[in-house]
Structures are given as structure tokens and as C-alpha cells.
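Colleague: Output the structure for:
(2 chains)
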Protein chains: 2
Amino acid sequence: MAIVDTVKFMTNPARVVPSPVLKRLTDYYTTVQGLTAEGVEWVSSSRLADVLGLTSSTVRQDLSHLDFAGVSKRGYRTSGLEKALACALGADRIWNMLVVGAGNLGRALVLHPEFRRRGFMIRAVCDSDVFKTGLKLRTLEVQRMNQIPQAVKEHAIDIGVIAVPEDAAQGVADLLVEAGVKGLLNLTPTHITAPEGVAVTDARILASLQELTHTLMGK
Amino acid sequence: MAIVDTVKFMTNPARVVPSPVLKRLTDYYTTVQGLTAEGVEWVSSSRLADVLGLTSSTVRQDLSHLDFAGVSKRGYRTSGLEKALACALGADRIWNMLVVGAGNLGRALVLHPEFRRRGFMIRAVCDSDVFKTGLKLRTLEVQRMNQIPQAVKEHAIDIGVIAVPEDAAQGVADLLVEAGVKGLLNLTPTHITAPEGVAVTDARILASLQELTHTLMGK
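Modeller: Below you'll find the model as predicted:
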């Protein structure tokens, strides 16, 4: 990591927060950021529950995973809750990313201001298509695939983003892991395997669509 | 829906499959598609469990939501399982989509062949920027926002995709709902509210990144 924070959230957060809770923590974080931006100082578990379509007891249980407690009858102080959530999610740090794939999706990521605003800094872009080598995306030039190991070292890359066609995804994952990347964001619909010690998260846009169509069939 | 399938998965699938199971059904579907493509005829729950990092009993329980049974000691016939999963997820149908937002992310979606290949047909694109009106994306021309209601009717739009800046997301959702769209795919990091009877799914690319960084902090 580029910036090593001295405040530790928990000894091993990966072990203590179950995956569905973790997904919801990202929802709380977005919601609470909105509240503090509006100048709201306190928020109750029932208000958070209303906004996110949960029960108050789920909210209280989820937030008990944080190193931050609510106050009886007042709820949670939004500023403190926002900080605790940011700390738990690593949103108070800078993360260095390398994007593999300079197609439309890769380009969308590199050019999207949202990622930079949230501390996800794209430091390099690589593509197997030599005709794309040298192409400028913002301040970055598309590099060749054989430059991955050097880019990973030079920029202390934390996260490799896989934005290539489905059938190339596992190969790219292997290259990134070999170069020492410990976190992979998989934007393809393929399942990717990685050795122990490497975390993989799927963006699952297609899967999200299929969850949606499943629900639509019930309507 | 453009094609009304005569085979019904379950009377109301939205009520019977819990959300985490639904997310996993999309994983099984991808995995089983890979197996049938490789010519594998049978797959056991333990093999599926291995590939997806689950326990066999979770796999069996998840697949019990389908209208398809395994065979003792042989497991599941891949072709049948693939069909049952496709049916449950609506992946055996055509879904008509309208994308709002012709920025990089919107363009990436429209130009990505993966969506078409999976039955998600983007029929129209709208953007509030009048300088983008008439811009060609594949065979589509970017339309104005006030053309949303007509586009929804003309193309029998099932799903509206929200690919606009965060602060415009709720307004776009309201426009789509007003035009009669029953399913929304939210590509922004904002939480969106919709009236009952409208399904919303978040693509959550940023949230996926935050889940990843949470896990990376534990390493």
C-alpha cells in the first residue's frame, strides 16, 4: 500500500466480517457520506434501515463489526461513523491500480473521475494489442503486456484490474499474480482462480443484470 | 418482455430465492456453461464447490431452489443444469435495455459484445448533453432525455441502465420509472430508491473495489 495508516481497524478484518455484511458496509458508507455532506449530525439505525431496505436489527448487528459504537436514543454520530466505515473499507487510503485492457471498459475506468476521487489511482494501463501501445489515456500511455512486472514494482501496485475479453482473463490474472499483485478486480463474467494470499473480487455487471432479470420474471 | 417463455421457473422466483443464493446462481451458471462447452457431461456438487470456493452442502442447498434434481453418485447432468439455471436467471430470453448516459461507461456497455451475446439487447441510448445528440454508437444514435418515454414504448424496454454522474442518478431513475420501466441497473455508487414493483440492482464497481481493499488490509 502506498500510504500505511497507523490506525488499524481490526487485527484481521477479512476474518471477522462475513461477505454479505461487507457488501452492506459499502452501502452504509455511501449513505453516511451523503448524510454528513447534508450536515446531518446523528443517524439512527432505523433511518439507515429505511434508506437501505433493511431491518434496524440487521443495521445494528452489521455496524457492531466496526470499532465504533452508537449512543442510546441518539444513534450514531455521522462523522464518526463515516470515519469508522472509511477505515474498515480502506477508503481512507490511496490504492495503486494497474488496468489490463484498454478497450472501452478499460478506458471508461481510466477516464472516470470517480475512482480518483475515492483514492483508487490508476497508475498504468497495459494491453496486448500492440496497435494500442503508446495511446494516451489522460496522463497515461498504454503499455505492452511485458511491461506489467516493471509497472507493478515502479508504482507499488496494490490492485490489478482485469478488463480484457473473457477468454484472456485467467492468463492476465496469472501474469498479475506473478508480478506480485495481491488484489484483483475481475470485470469479466468468468470465474478466476488465484493462489492463496491473493484476493479476487468480481465486478459482476452481467451477474447483476441476471439477478435483475430473475427478479423481473417474478413481477 | 420481448419473448414470453412458456416454461415458468417458479410461480414467483423473487420470493423463493434469497439474494445471496441468487448471486451464487449466476456463478454456477457461468461455471456450468464452461463445463458444457468443454464437453463435460456430469458435475458433482463437490466439484462445483471446489471451483467456487463453497462447501458441497451449500451447493446442494443452492441448487435445490431450481426445478432440477441431481442424480445420486453422479451429480448433475451439465446440460440440464445449464438450462435450469438459464431459465431461473432469465438468461434464455431477450431483454430490451435503454442506456441513459453516453459517457465512457455508457459507451463501453453499448459497444461491449458480451451483453448482446447474453440476450441483453441495448435498443436505445439517451444523454442530457445535447452535443451528444445524434452521435452514433454502433447502430444506435444518442437521443435526448425527453425521448425516453417514446423509446421505452417503441422498444418495449425491460431494463433501464443508469450510467450518468452520481448526482443525476435518482432523477434519471425517476424518469425511467415514470416511462414505465420495471427494472433498473444502477451503475453509479449512489443508492437509488424506486417505488414498489420496480426492481433495482446495483453494479457496484466501486463497492467491489472497497470489498477488495477491506480484504487486502487483512493480508
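
Colleague: tell me the mean pLDDT for the longest helix belonging to chain A?
Modeller: With secondary structure taken from DSSP state H, chain A has its longest helix at helix A:19-37. Mean pLDDT, helix A:19-37: 87.

Colleague: And for stretch A:188-208?
Modeller: 85.

Colleague: Next, the buried residues of that stretch.
Modeller: Neighbour-count burial for stretch A:188-208 flags A:188-192, A:194, A:198-208 (criterion: 16 or more other CB atoms under 10 Å in any protein chain shown). Where you see a C-beta, it was placed from the backbone N, CA and C, and this is true even at glycine.

Colleague: So which of these are in helices?
Modeller: Filtering the buried residues of stretch A:188-208 for helices - DSSP H - leaves A:205, A:206, A:207, A:208.

Colleague: Out of the residues you listed, just show me the ones up against chain B, please.
Modeller: Residues of those in contact with chain B (CB under 8 Å from any CB of the partner chain): A:205, A:206, A:207, A:208.

Colleague: How is chain A divided into domains?
Modeller: With domains defined by automatic domain parsing, chain A comprises A:13-89, A:95-207.

Colleague: Now do the strands in chain A.
Modeller: A:42-43, A:76-77, A:95-100, A:120-126, A:136-137, A:140-143, A:159-162, A:183-186, A:199-202 (DSSP state E).

Colleague: which of those strands is buried the deepest?
Modeller: Counting by mean count of other CB atoms under 10 Å in any protein chain shown, strand A:159-162 has the highest mean neighbour count of those, with a mean of 28.

Colleague: quick one: low-confidence parts of chain A?
Modeller: A:1-16, A:219 (pLDDT under 70).

Colleague: ok, 50 please
Modeller: Along chain A, the parts satisfying pLDDT under 50 run over A:1-15.

Colleague: Let me know the outermost residue of it.
Modeller: residue A:73 (33.2 Å; CA atoms, centre = their mean).

Colleague: quick one, phi psi at it?
Modeller: phi 70, psi -10 (degrees, to the nearest 10).

Colleague: how near is it to residue A:41?
Modeller: 14 Å (CB to CB, to the nearest Å).

Colleague: picking up where we left off before, return the set of buried residues in the longest helix of chain A.
Modeller: Within helix A:19-37, the residues scored as buried using 16+ other CB under 10 Å are A:22-36.

Colleague: which of these come close to chain B?
Modeller: A:22, A:23, A:25, A:26, A:27, A:29, A:30, A:31, A:34.

Colleague: Correct me if wrong: residue A:55 contacts residue A:49.
Modeller: Yes: using CB atoms under 8 Å, residue A:55 is in contact with residue A:49, at 5.7 Å.

Colleague: Of the two, which one has the most company?
Modeller: More neighbours surround residue A:49 than the other of residue A:55 and residue A:49, with 16 against 11 (other CB atoms under 10 Å in any protein chain shown).

Colleague: how about the nearest residue to residue A:185 once chain neighbours are set aside, what does it touch?
Modeller: In space, and not counting its chain neighbours, residue A:185 is closest to residue A:161: 4.7 Å by CB to CB, 6 or more residues apart in numbering or on different chains. For residue A:161, the contact set (CB atoms under 8 Å, 6 or more residues apart in numbering or on different chains) comprises A:97, A:98, A:99, A:100, A:101, A:106, A:109, A:122, A:184, A:185, A:187.

Colleague: Residue A:199 and residue B:25, how far apart?
Modeller: In this view, residue A:199 and residue B:25 are 23 Å apart by CB to CB.

Colleague: oh sorry, the question was meant for residue A:197
Modeller: 29 Å.

Colleague: burial measure for the nearest residue to residue A:17 once chain neighbours are set aside, as a count.
Modeller: Sequence neighbours aside, residue A:65 is the residue nearest to residue A:17 in space, at 5.0 Å (criterion: CB to CB, 6+ apart). Close neighbours of residue A:65, defined as other CB under 10 Å, add up to 19.

Colleague: List phi and psi for residue A:65.
Modeller: Dihedral angles (degrees, to the nearest 10) for residue A:65: phi -70, psi -10.

Colleague: Just list the residues touching it, thanks.
Modeller: Residue A:65 neighbours (CB under 8 Å, 6+ apart): A:16, A:17, A:21, A:25, A:88.

Colleague: Widest-spaced pair of those residues?
Modeller: Of all pairs drawn from the contacts of residue A:65, the greatest distance, 11.7 Å, lies between A:16 and A:25 (CB to CB).

Colleague: gap between residue A:197 and chain B?
Modeller: 7 Å (CB to the nearest CB, to the nearest Å).

Colleague: same deal with residue A:132?
Modeller: Separation of residue A:132 from chain B (CB to the nearest CB): 15 Å.
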